[in-house]
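Asker: Test case, fold it:
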Amino acid sequence: MATVSELPVSPLAPERFPNLPKVAGVEAVTYSLGLYKGKVRDDLLVVHFPEGAAAGGIFTTSSTRSDDVDRCRAALKAGGGKARVLVVNTGNSNAFTGAAGIAKNAATIASAMKLSGCGEHEVFISATGVIGEPLPAHIVSGGVEKVWSGLGAPDWEKVANCIRTTDTFAKAAGETVDLNRRNVNILGIAKGSGMIQPNMATTLNYMFTDAALAPNVCQALISRLGDLTYNCITVDSDTSTSDTLLFFATGAAGGEPIHNPDDPRLEGFVEAMHRVLLDLATQIVRDGEGATKIIEITVEGAASDASAKVIACSIANSPLVKTAIAASDANWGRVVMAIGKTAEPVERDRLSLWFGDHAVATNGARAAGYSEAVATRAVSGEQVFIRANVGVGEGRARVWTCDLTDGYVKINGAYRS
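Answerer: Predicted coordinates:
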């Protein structure tokens, strides 16, 4: 299996791991279960909320989703959005594993319940890695029991590294913000590099805050902001069986919990949470398998926002567009193709395109001022901006993707070898 130690760091990676605020009410520990054969690396994460936390989450809509996803959904519904423990393993997705996968999760939850004294629906679990390989039930549960006494203040860089698979760098972001005259902290960690097109959320992602938020507020915020961030990225158009985005609020910063997601006091907090989520989501694109460029695509003038998003994703997922950008080829005709194939409402003779600030097409034809040299420069850097106006209405959407290089083939061809 291709693992983090074998892959060169993405050229789009941040210069360093970020300085993160401390989130009160969270304990964590990592450990190596040996799930990466021949590699010594942490592959188990246990997070504990000693005083409990409110929770919300969004998940893959894949029909071949893992039992872990089903368990998290059920826990949020049956437990009313209360959390005490999060257990994550990498190296094995526990997806499409039938009775063995169910047994593994039952054993893991039982261990967490025994150690924390919590209820079944206060335990959340996730797994990522190879699909379809059964894992003995005692492996993860035994690991939880072994490391429980080591829980303490999180080392977030260690935590973020633990949940990586083919990621080439650890992903995290955080902010401190004023909420109702109190400083509260918010941070998130994420993993993801390939098998990325959100169809709810994407990959494995965990957000933590010490703000006092009711469970319904956690759910409303993660649903709303996840749709503006994680649901707007794609690397390869593939939706994972294990996609999970969970949000935990410990309330340890103090104050009475906010129960209304539209409470005006939340305005600054929501803006900060949006920034953190977008930072994490675009870090995933920057770590797209084999990526050398990040591409921001904006579609305007569509029949609706939903229509604009379909068109933007068509551009973002086109192998012909992505390979052209990889080669710094300003082949804007491929963008025209990707727009036209969607069957979304488009006014051909009003369609206009820009690469960066340079108009390459206006009103259904090549722009009068088009310059091949300027257009080429616009697609030659590490950041590429494509904008299209399809001339129908007021709908608008923005998505992020990366280029497609032979590195993607090499990484995925070697994934299980």
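Asker: now for the helix or strand containing residue 284, which elements pack on it?
Answerer: Using DSSP states H and E, residue 284 sits in helix 267-286. Counting contacts by 3 or more C-beta pairs under 8 Å, 6 or more residues apart in numbering; DSSP states H and E, helix 267-286 is packed against strand 171-179, strand 182-191, strand 204-209, helix 215-228, strand 294-302, strand 395-402. Placement of C-beta: from N, CA and C, glycine included.
Asker: can you give me how far that helix is from the chain middle?
Answerer: Offset of helix 267-286 from its chain centre (C-alpha atoms, centre = their mean, to the nearest Å): 10 Å.
Asker: repeat for stretch 7-23
Answerer: The answer for stretch 7-23 is 15 Å, by C-alpha atoms, centre = their mean.
Asker: on that earlier part again, tell me which residues in the helix holding residue 284 are buried?
Answerer: Neighbour counts using 16 or more other C-beta atoms under 10 Å place 269-270, 272-273, 275-286 of helix 267-286 among the buried residues.
Asker: next one: stretch 374-394
Answerer: 374-375, 378-379, 384-393.
Asker: Could you give the average pLDDT over it?
Answerer: The average pLDDT for stretch 374-394 rounds to 98.
Asker: C-alpha coordinates for that stretch, PDB please?
Answerer: In PDB, the C-alpha atoms belonging to stretch 374-394 read as follows (Å, rounded to 0.1, in the frame of the first residue of the first chain):
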ATOM      1  CA  VAL A 374      -1.600  35.800 -21.700                       C
ATOM      2  CA  ALA A 375      -4.000  32.800 -21.400                       C
ATOM      3  CA  THR A 376      -1.100  30.400 -21.100                       C
ATOM      4  CA  ARG A 377       0.400  32.500 -18.300                       C
ATOM      5  CA  ALA A 378      -2.900  32.400 -16.600                       C
ATOM      6  CA  VAL A 379      -2.800  28.500 -16.400                       C
ATOM      7  CA  SER A 380       0.900  28.200 -15.800                       C
ATOM      8  CA  GLY A 381       1.100  29.000 -12.100                       C
ATOM      9  CA  GLU A 382       0.300  26.900  -9.000                       C
ATOM     10  CA  GLN A 383      -3.100  28.600  -8.700                       C
ATOM     11  CA  VAL A 384      -5.400  28.700 -11.700                       C
ATOM     12  CA  PHE A 385      -8.700  30.600 -11.900                       C
ATOM     13  CA  ILE A 386     -11.400  29.800 -14.400                       C
ATOM     14  CA  ARG A 387     -14.700  31.700 -14.700                       C
ATOM     15  CA  ALA A 388     -17.700  31.100 -16.900                       C
ATOM     16  CA  ASN A 389     -20.900  33.000 -17.400                       C
ATOM     17  CA  VAL A 390     -23.500  30.800 -19.200                       C
ATOM     18  CA  GLY A 391     -25.900  33.600 -19.900                       C
ATOM     19  CA  VAL A 392     -29.100  32.200 -18.500                       C
ATOM     20  CA  GLY A 393     -29.900  33.600 -15.100                       C
ATOM     21  CA  GLU A 394     -28.500  34.600 -11.700                       C
END
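Asker: could you point out where the stretch 101-250 of the chain is predicted with low confidence?
Answerer: 193-202, 236-241 (pLDDT under 70).
Asker: Let's see that with 80 instead.
Answerer: 192-203, 235-242 (pLDDT under 80).
Asker: in the chain, which spans are helices?
Answerer: 67-79, 98-116, 137-147, 156-162, 215-228, 267-286, 305-317, 319-326, 333-340, 372-378, 406-413 (DSSP state H).
Asker: I'd like the ones you listed written out as TSV, with distance to residue 17 added.
Answerer: Listed next are those as TSV, based on distance: least, C-beta to C-beta, whole Å:
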stretch	distance to residue 17
helix 67-79	27
helix 98-116	28
helix 137-147	22
helix 156-162	5
helix 215-228	23
helix 267-286	11
helix 305-317	28
helix 319-326	27
helix 333-340	35
helix 372-378	31
helix 406-413	22
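Asker: Tell me which of those helices sits nearest to residue 183.
Answerer: Closest approach to residue 183 among the helices of the chain (C-beta to C-beta): helix 267-286, 11.1 Å.
Asker: So for that closest one, mean pLDDT?
Answerer: 95.
Asker: could you check the angle helix 305-317 makes with it?
Answerer: 30 degrees (axes from the mean of the first three to the mean of the last three C-alpha atoms, to 10 degrees).
Asker: How about residue 11, nearest residue that isn't a chain neighbour?
Answerer: residue 292 (5.8 Å; C-beta to C-beta, 6 or more residues apart in numbering).
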